[in-house]
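Participant: could you look at this predicted model? Sequence included:
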Amino acid sequence: MTTVDVDVKKLFEAGAHFGHKTSRWHPKMAPYIHSKRGGIHVIDLNKTVASLTQALEYISKQVSEGKQILLVGTKRQAKDIIKNLATETNMPYVTDRWLGGTLTNWNTIGGRVKYLKELEARMSSGELANKYSKLEVQRFQEEIDGLNTTYAGIKELNGKPGIIFVVDTIHDAIAIREANKLGITVVAITDTNSDPSKVDYPIPANDDAIKTIQLIADYLKQAIDNGKSKAKAATKPEEK
């Protein structure tokens, strides 16, 4: 499996080293902090490279074994980036509000997803149009649209994902709590105000800068693609 080459210069250019004000730091992030500058903590990018490389290798391995990665980024800066990454890699995602119980109460959430998929199938087959009036069909479509607003990203989630990737550990703390409860591996960007002890693979970096989030998403895509390539190669019959 090809290891993703993480470039420290690109991380620097993306502003990945800029942390929060020193007054807002989490003491458990101390090992990842390089220095203080103008009242702001500066993240040690050498630690970022090492941590990110390790996380990407783990992601590639899990994907090569057929595991899903649930991509989570509900803060404004992350939404479009995470949705695009999910679309490009065909992975489940949450970019609007995290619904409590998405992982810990999958029976209920999964039931709603199943209902949505059944409604969509009935709509696309023409069954609803044949059975109901135009107004009723319109109401069904509105229901489908509403359900998609909430569940579109997790329609293809097969219950328990192998990994959950989170952009902001504070913004999406509930997602991390649920993953921790179920023993699901958490990979997350950890800014200087984060608690890295809640994360299996912390990636010390700026979780507010769009350029940083995009760069890490690009690296994630490479890792996922590598994992898929390995899985595909493993299923090919050997040439005689």
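Facilitator: Thanks, I have it.
Participant: only alpha carbons, please: show the helix or strand where residue 189 lies as CSV.
Facilitator: Using DSSP states H and E, the element containing residue 189 is strand 185-190. The C-alpha atoms that make up strand 185-190 are tabulated as CSV, following Å, rounded to 0.1, in the frame of the first residue of the first chain:
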residue,chain,number,x,y,z
THR,A,185,-12.0,4.4,16.4
VAL,A,186,-11.9,8.2,16.3
VAL,A,187,-9.6,10.1,14.0
ALA,A,188,-9.9,13.9,14.5
ILE,A,189,-8.2,17.2,14.0
THR,A,190,-7.2,18.5,17.4
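Participant: and the next helix or strand past it?
Facilitator: strand 201-204.
Participant: what comes into contact with that next one?
Facilitator: Residues outside strand 201-204 that contact it (CB atoms under 8 Å, 6 or more residues apart in numbering): 29, 32, 43-44, 47-48, 51-52, 54-55, 58, 185-192, 194, 196, 216. For every residue, glycine as well, the C-beta is placed using N, CA and C.
Participant: list the contacts of the strand holding residue 189.
Facilitator: 29, 32, 55, 58-59, 62, 162-169, 176, 179-180, 194, 196, 198-207, 212-213, 216.
Participant: same check, this time on stretch 151-165
Facilitator: Residues contacting stretch 151-165 (CB under 8 Å, 6+ apart): 58-59, 62-63, 65, 67-72, 83, 86, 90, 92-96, 102-103, 106, 109-110, 112-113, 116-117, 175-176, 179, 182, 184-188, 220.
Participant: let's go with 6 Å and repeat that
Facilitator: 62, 67-71, 92-94, 106, 113, 116, 179, 184-187 (CB atoms under 6 Å, 6 or more residues apart in numbering).
Participant: which of those fall in helices?
Facilitator: 62, 106, 113, 116, 179 (DSSP state H).
Participant: are any of those buried, and which?
Facilitator: Among these, those buried by neighbour count (16 or more other CB atoms under 10 Å) are 62, 106, 113, 116, 179.
Participant: and the furthest pair within these?
Facilitator: Farthest apart among those by CB to CB are 62 and 116. That separation is 27.0 Å.
Participant: so what's the residue count around the residue lying closest to residue 95 once chain neighbours are set aside?
Facilitator: Leaving out its chain neighbours, the residue that sits closest to residue 95 by CB to CB, 6 or more residues apart in numbering is residue 79, at 4.4 Å. Residue 79: 17 surrounding residues under other CB atoms under 10 Å.
Participant: how near is residue 79 to residue 17?
Facilitator: To residue 17, residue 79 is 24 Å away according to CB to CB, to the nearest Å.
Participant: list the buried residues of the helix or strand containing residue 54.
Facilitator: Using DSSP H and E, residue 54 maps to helix 45-64. Across helix 45-64, burial judged by 16+ other CB under 10 Å covers 45, 47-49, 51-53, 55-64.
Participant: likewise stretch 149-158?
Facilitator: In stretch 149-158, counting by 16+ other CB under 10 Å, buried: 150-154, 157.
Participant: and stretch 70-90, by the same measure?
Facilitator: Buried residues in stretch 70-90, counted by 16+ other CB under 10 Å: 70-75, 77-79, 81-83, 85-86, 89.
Participant: done for today, thanks.
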